[in-house]
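Asker: Sequence unavailable; structure follows:
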């Protein structure tokens, strides 16, 4: 079964673009990354999927249920973490967790206690006394304590220190291995490349590419570094070009035999051709799309 299926999902705020013609498929049991910088449309997509925003056009289903007509049925299967978490300031963490569990008509005390212990969150602290990181931890426990089938997480690690980020992803991996689907947005590419199985790249409200992380990271793109060259060479299919102190760096996404032929016509003192890291590939997609507009 498909955990998430969208077809040309579009949201405009008046005349201002939110997302446009977003078509995504996330299979049940997947660990899916939704990649893009701030303002790309990640949060708009997520808020539309969770029913917080009404789409301008297009359609979407979660576990085969329409996000508009079957919204209330869907919510019981979702654990949602917004990018920014806000709670009633006078309440204790324990009260927030109990209140959230009561809304779902579930007894989550055992799971909430375990999550608080693993995330080093004191349930007896008041919300207004918490740091940014501990407020985020509270949001994580709220999203995870009822053990839903689908986790929709918007920039989930913002505010967490590296140790807590590692523990958080350990929990997600455990839930995923138990069969749950994880859909998370992030602009931290190392997180996506390390933990996600599939990913989609979004830019200015449009999906640029969606595939397995392995295929996204092995697209035939090469990082080329030329030492001792005079100026920037004019080679087709270049992107992300940098030139400094006689050193030219760029990504090449054309035929590799042609690359060798182009390089043989240039003057340089040294050359290296290697695979780019995931961050460079991501920037390549953005730069390539910009050049083609």
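Answerer: Looks like it came in fine. All of these numbers come straight from a predicted model, not from anything done at the bench. Numbers count the residues shown, from 1 in each chain.
Asker: Let me see the contact set for residue 279.
Answerer: For residue 279, the contacting residues are 189-190, by Cβ atoms under 8 Å, 6 or more residues apart in numbering. All C-beta spots, glycine's among them, are computed from the backbone N, C-alpha and C.
Asker: now the chain, which segments are flagged as low pLDDT?
Answerer: Judged by pLDDT under 70, the chain has its weakly predicted residues at 219, 277-278, 283-293.
Asker: how about the helices in it?
Answerer: Along the chain, the segments classed as helices by DSSP state H run 42-49, 71-75, 93-103, 109-118, 132-144, 162-177, 189-195, 213-217, 256-264, 278-292.
Asker: Any chance of these in a markdown table with distance to residue 82 as columns?
Answerer: Formatted as a markdown table, those follow (distance: least, Cβ to Cβ, whole Å):
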| stretch | distance to residue 82 |
| --- | --- |
| helix 42-49 | 8 |
| helix 71-75 | 14 |
| helix 93-103 | 13 |
| helix 109-118 | 18 |
| helix 132-144 | 7 |
| helix 162-177 | 15 |
| helix 189-195 | 17 |
| helix 213-217 | 24 |
| helix 256-264 | 44 |
| helix 278-292 | 23 |
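Asker: Pick the most buried one from the ones you listed.
Answerer: helix 42-49 (a mean of 24; mean count of other Cβ atoms under 10 Å).
Asker: Output the contacting helices and strands for that helix.
Answerer: Counting by 3 or more Cβ pairs under 8 Å, 6 or more residues apart in numbering; DSSP states H and E, the packing neighbours recorded for helix 42-49 are strand 2-13, strand 16-27, strand 31-35, strand 57-62, strand 150-154, strand 181-186.
Asker: For residue 197, which of the ones you listed is the nearest?
Answerer: Evaluated with Cβ to Cβ, those place strand 31-35 nearest to residue 197, the distance being 4.8 Å.
Asker: Report how many residues lie close to residue 77.
Answerer: Residue neighbour count, defined by other Cβ atoms under 10 Å, stands at 16 for residue 77.
Asker: Could you pull up phi and psi at it?
Answerer: When quoted as degrees, to the nearest 10, the phi and psi of residue 77 stand at phi -100, psi 0.
Asker: and the residue lying closest to it once chain neighbours are set aside, what does it touch?
Answerer: Distances taken as Cβ to Cβ, 6 or more residues apart in numbering place residue 149 nearest to residue 77, at 4.5 Å, with adjacent residues excluded. Residues counted as contacts of residue 149 (Cβ under 8 Å, 6+ apart) are 3, 28, 63, 77-78, 179-181.
Asker: quick one: which two of those residues are the most distant?
Answerer: The most widely separated members of these, counting by Cβ to Cβ, are 78 and 179 (15.0 Å).
Asker: Between these two, which is the more surrounded one?
Answerer: Looking at residue 78 and residue 179 with other Cβ under 10 Å, you find the greater number of neighbours at residue 78, namely 21 against 9.
Asker: give me the beta-bridge partners of that one?
Answerer: With beta bridges defined as DSSP bridges, residue 78 has these partners: residue 150.
Asker: show me what contacts it?
Answerer: Shown here is residue 78, whose contacts under the criterion Cβ under 8 Å, 6+ apart are 50, 62, 148-152.
Asker: Show me which pair in those is furthest apart.
Answerer: Between any two of the contacts of residue 78, the greatest separation by Cβ to Cβ is 14.0 Å, found for 50 and 149.
Asker: quick revisit: need the contacts of residue 149 in JSON lines (columns: distance to residue 70).
Answerer: Output for these, formatted as JSON lines (distance: Cβ to Cβ, whole Å):
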{"residue": "3", "distance to residue 70": "14"}
{"residue": "28", "distance to residue 70": "17"}
{"residue": "63", "distance to residue 70": "9"}
{"residue": "77", "distance to residue 70": "11"}
{"residue": "78", "distance to residue 70": "12"}
{"residue": "179", "distance to residue 70": "22"}
{"residue": "180", "distance to residue 70": "20"}
{"residue": "181", "distance to residue 70": "17"}
